[in-house]
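1. Any chance you could fold what I've pasted below:
(one chain, ligands or ions: 4)
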Amino acid sequence: MKSTILLLLLSSFMIKVLSHSCEIYTVNNQLSARCNNLNLNEIPTDLDSQIKVLRCESNHLTSISSVSFVRYFQLQEIYLKKNQLKSIPYRLFFPVENLQILDLSRNRLESIPTTALEYTPKLREIILSYNYINRIDEFSFKNLARLLKLDISHCHIRFIQPNSLKNLKSLTELNVIGNELKGLISTTILPKSLTVFRLHHNKWICDCKLRWLLQFLTNNKLKISWTFGNRIPRCQNPELLKGVRWTELNSTNFACAPTIIRYTSYVSVNATLNCLSTGDPQPEVTWYKKNLRVTPSKRNRITFWRTFKKALDIFHYNSSLKIINMTEKDIGLYKCVSLNSAGRSEVTISLSGSSSMRAESNWEKKKLRALSASLTCFLLVILCSIISILMLRIIKRRRLSGVYRIQNQGAESAGSKCEEDATASPLQQIDSITHKHAETPNSTPDLLKNNWTEEEAVGTAV
Ligand SMILES: *[C@@H]1O[C@H](CO)[C@@H](O)[C@H](O)[C@H]1NC(C)=O
Ligand SMILES: *[C@@H]1O[C@H](CO)[C@@H](O)[C@H](O)[C@H]1NC(C)=O
Ligand SMILES: *[C@@H]1O[C@H](CO)[C@@H](O)[C@H](O)[C@H]1NC(C)=O
Ligand SMILES: *[C@@H]1O[C@H](CO)[C@@H](O)[C@H](O)[C@H]1NC(C)=O
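-> Ligands and ions are numbered 1, 2, ... in the order given. Presented below is the predicted three-dimensional model:
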């Protein structure tokens with residue numbers, strides 16, 4: 001029993017010793033307490049109540065009592081860096097109305113201690129870097145009109161609400177380095193008093209939505225510092241600009257590649273193809289059929305118009321290709337291409353004929369088939385006629401050549417004449433026939449009779 005009491009006494013004595021090992025010193029006439037690296041679980045309660053500066057860095061504070069500072073109401077600077085604080089009690093700073101500097105960096109805060117900061121209207125500087133705060137909401141900094149410096153670097157911040165910085169009317173320095181910011185909404189109100197804006201090492205998507213920021217920084221180049229030697233914001237996206245420093249870009253480089261968001265085709269007497277795209281700068285929309293560009297003509301009408309979509313804060317561009325009096329030839333695949341400096345987007349739209357057109361085209365096909373059949377027939381008839389005429393002529397000629405041979409039988413042998421005839425060209429033969437015909441006056445029925453037998457002999461020889 002005695003020994004336990006002794007142990008308890010001893011341990012309480014030890015704690016006293018530990019807390020008293022905080023160093024009390026004076027700097028610039030300000031009484032300060034330094035309690036760094038003391039494995040503390042709580043703020044010591046027995047320090048000089050007149051302290052103006054309290055350093056309690058690199059300890060084991062996992063939570064903090066809301067009355068921790070009641071005794072130290074004169075505090076102007078509180079440093080709680082490198083602890084494990086997850087939250088800050090609502091009334092923690094209520095007693096320290098003169099608080100000017102607050103360092104809560106490298107803790108485990110998951111949000112801005114908004115309610116607690118409502119009691120610190122004289123705060124000039126707050127350091128919240130290296131916490132787990134992933135967003136800055138509208139009312140995060142409500143009552144901090146005198147704040148000059150805000151450090152929310154390395155906090156995994158992804159989103160900053162556009163009005164969240166509105167009340168920081170005196171802010172000169174804003175540090176959002178090393179977060180996961182991809183963009184800032186164009187309606188974000190940045191304090192007019194801002195002179196230093198540290199924003200490198202984020203995941204900036206350098207597209208048309210962020211163009212305003214580059215424009216703002218470029219326009220206020222003389223007033224706001226945002227590049228610090230090599231520490232210059234760079235683009236993480238789009239691929240085209242990956243790793244490029246903002247100082248190498250101008251606002252036209254911050255563009256949005258086109259996206260085709262909808263397309264339709266409609267067929268009746270006229271065919272209409274629609275292609276709806278977005279993109280900034282304004283894309284140029286072109287139409288292709290079989291890789292040939294469709295240009296406006298009497299039959300092809302191309303119209304283009306834009307509409308501003310307020311809710312989305314973007315323009316929609318509608319291109320329409322109208323084919324007047326569509327025919328079967330117009331059926332097929334069409335391509336809509338939307339193009340600007342940041343890229344291109346394309347879709348293939350199929351234009352099929354209407355059912356009536358298909359019926360019509362079937363009828364046309366039948367008509368064409370009938371026509372070609374009759375044409376073939378017609379040609380055949382002509383060919384048959386030509387052949388019969390030729391045959392007739394040949395028959396006639398053979399008849400005459402028989403006459404000729406009979407006439408010359410006395411002078412030459414019939415056999416040799418026959419050979420000559422065989423070697424002569426048909427034209428010559430015809431010539432000789434007509435010639436002989438002219439020379440031979442009336443032929444007698446007798447000769448004709450003879451000729452029939454002769455002709456048979458020549459026919460087999462030829
Ligand atoms: C922006 O930069 C591009 C080259 O990246 C250049 O062609 C263009 O003229 C510049 N525009 C302005 C407004 O300076
Ligand atoms: C087809 O387009 C022409 C020219 O725009 C128009 O005059 C005609 O009325 C249209 N026909 C139909 C059926 O829409
Ligand atoms: C379309 O067809 C109508 C009726 O057949 C005709 O009057 C008109 O000239 C045609 N238009 C064109 C562009 O071919
Ligand atoms: C695009 O134009 C076509 C043709 O006039 C129209 O039918 C369609 O509704 C338009 N689309 C949009 C989204 O404006």
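2. Report the secondary structure element holding I302.
-> strand 300-309 (DSSP states H and E).
3. One more: E97?
-> Secondary structure from DSSP H and E places E97 outside every helix and strand.
4. in stretch 236-254, what's buried?
-> Within stretch 236-254, the residues that count as buried by 16 or more other Cβ atoms under 10 Å are 236, 238, 241, 246, 249, 251, 253-254. For glycine as for every other residue, the C-beta is placed from the backbone atoms N, C-alpha and C.
5. how about these, which pair is most distant?
-> Spatial extent of the buried residues of stretch 236-254 (Cβ to Cβ) is set by the pair Q236 and S251 at 18.1 Å.
6. re the thing from before, report the strands that pair with the helix or strand following the strand holding I302, each with its relative direction.
-> In the C-terminal direction, the helix or strand that comes right after strand 300-309 (DSSP H and E) is strand 314-323. If you go by DSSP bridges, strand 314-323 pairs up with strand 271-280 (antiparallel), strand 300-309 (antiparallel).
7. I78 in helix, strand or coil?
-> Taking DSSP: H, G, I helix; E, B strand; the rest coil as the rule, one finds I78 in the strand state.
8. Now do it against T303, distance only.
-> In this view, I78 and T303 are 66 Å apart by Cβ to Cβ, to the nearest Å.
9. again, but for N36
-> From N36 across to T303, the span is 72 Å (Cβ to Cβ).
10. all helices for the protein, in order.
-> Remark: helices assigned in the chain by DSSP state H are 2-20, 211-219, 355-407, 414-423, 426-439, 445-461.
11. mean confidence for the longest one?
-> Looking at helix 355-407 alone, the average pLDDT works out to 63.
12. doesn't L333 make contact with E346?
-> No - counting by Cβ atoms under 8 Å, L333 is not a contact partner of E346; they are 11.8 Å apart.
13. Those two: which is more packed in?
-> A direct count of neighbours by other Cβ atoms under 10 Å for E346 and L333 places E346 higher, at 16 against 11.
14. Just list whatever residues bridge to the more buried one.
-> Beta-bridge pairing for E346 (DSSP bridges): V337.
15. Contacts only, for it.
-> Contacts for E346 (Cβ atoms under 8 Å, 6 or more residues apart in numbering) come out as 260, 335-338.
16. tell me which of the residues you listed is nearest to ligand 1?
-> S338 (20.9 Å; Cβ to the nearest ligand atom).
17. that older thread, can you list residues touching both of E346 and L333?
-> Common neighbours of E346 and L333, counting by Cβ under 8 Å, 6+ apart, are absent.
18. To what extent is the nearest residue to S68 once chain neighbours are set aside buried, counted in neighbours?
-> Nearest residue to S68, sequence neighbours excluded (Cβ to Cβ, 6 or more residues apart in numbering): I43, at 4.1 Å. Using other Cβ under 10 Å, I43 is surrounded by 23 other residues.
19. same question, the one 5 residues further on
-> Under the neighbour criterion other Cβ under 10 Å, D48 is assigned a count of 13.
20. Surely it and S32 touch.
-> No - counting by Cβ under 8 Å, D48 does not reach S32; the two are 9.5 Å apart.
21. Which residues are in contact with each of the two?
-> Listed as contacting both D48 and S32 by Cβ under 8 Å, 6+ apart are I24.
22. Look through the stretch 201-350 of the chain and state the residue closest to ligand 4.
-> N318 (3.6 Å).
23. For the residue in the stretch 1-150 of the chain that ligand 2 sits nearest to, grab the count of nearby residues.
-> Closest residue of the stretch 1-150 of the chain to ligand 2, Cβ to the nearest ligand atom: E138 (51.8 Å). Residue crowding around E138 was assessed by other Cβ under 10 Å; the count is 13.
24. Distance of the spatially closest residue to it that is not a sequence neighbour relative to ligand 4?
-> Among residues not flanking E138 along the chain, Q161 sits closest, at 4.6 Å (Cβ to Cβ, 6+ apart). Taking Cβ to the nearest ligand atom, to the nearest Å as the criterion, Q161 is separated from ligand 4 by 31 Å.
25. what's near enough to touch Q161?
-> 135-138, 140.
26. Can you give the distance of stretch 32-47 from its chain's centre?
-> Relative to the centre of its chain, stretch 32-47 is centred 56 Å away, using Cα atoms, centre = their mean, to the nearest Å.
27. for it, how far is the first residue from the last?
-> The first and last residues of stretch 32-47 sit 10 Å apart, counting by Cα to Cα, to the nearest Å.
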